[in-house]
Structure formats: structure tokens, C-alpha cells
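Q: With the sequence up front, the predicted model follows.
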Amino acid sequence: MELSYGYQLTSQIRVQPNIQYIINPDQFSEPGRKKDLDNIFILGLRFDVNLADIVKSLK
């Protein structure tokens, strides 16, 4: 399940939080691992910046 939300700080910058909970993560990069990886909770923050609009506003 995914829920997407973003906040427009200015007309050129948008902020979008990212929250994930991963159950039974895979171990493809470590196939010889003896113990399974634990579930994990991840928080992130994404910034979208429209550089073309920023340059136009500077002129």
C-alpha cells in the first residue's frame, strides 16, 4: 500500500515525505547470510526543485 502526499513550499519547490515499513527484506546482495534481516522502518524526505522556473525568476 502506498500513500503519497506533498507540500508546495514555493512555486518552484515541493517537499514530499516518505515513510516505509519493510517486512522480511530480501538478502539478494548477501546470499550466504546466516541470520535473516529484521523488519525495518524508514523515514525519508524528497525535494523537487524546478530549476527552469528559478532561473526565469532571477532574470
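A: Received, thanks. Numbering: from 1, shown residues only.

Q: For the helix or strand encompassing residue 16, C-alpha coordinates in CSV please.
A: Taking DSSP states H and E as the definition, residue 16 sits inside strand 13-22. Provided in CSV are the C-alpha atoms of strand 13-22 (Å, rounded to 0.1, in the frame of the first residue of the first chain):
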residue,chain,number,x,y,z
ILE,A,13,10.0,23.8,-4.6
ARG,A,14,7.9,20.8,-3.5
VAL,A,15,8.6,18.7,-0.4
GLN,A,16,7.3,15.1,-0.2
PRO,A,17,7.8,12.9,3.0
ASN,A,18,8.5,9.2,2.5
ILE,A,19,7.6,6.6,5.1
GLN,A,20,8.2,2.8,4.6
TYR,A,21,7.9,-0.3,6.7
ILE,A,22,9.6,-3.3,5.1
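
Q: what comes up buried for that strand?
A: Residues of strand 13-22 classed as buried: none (neighbour count, 16 or more other C-beta atoms under 10 Å). Where C-beta positions appear, they are placed from N, C-alpha and C, glycine not excepted.

Q: isn't residue 36 right next to residue 27, touching?
A: Yes. Taking C-beta atoms under 8 Å as the definition, residue 36 is a contact partner of residue 27 at 7.3 Å.

Q: Which one of the two is surrounded by more residues?
A: Taking neighbours as other C-beta atoms under 10 Å, residue 36 and residue 27 compare with residue 27 leading, 12 against 9.

Q: On the three-state scheme, the residue nearest to the more buried one when sequence neighbours are not counted is what?
A: Leaving aside its sequence neighbours, residue 27 sits nearest to residue 33 (C-beta to C-beta, 6 or more residues apart in numbering; 5.1 Å). Under DSSP: H, G, I helix; E, B strand; the rest coil, residue 33 falls in the coil class.

Q: give me the number of residues near residue 33?
A: 9.

Q: Distance of it relative to residue 40?
A: As for residue 33, its distance to residue 40 is 15 Å (criterion: C-beta to C-beta, to the nearest Å).
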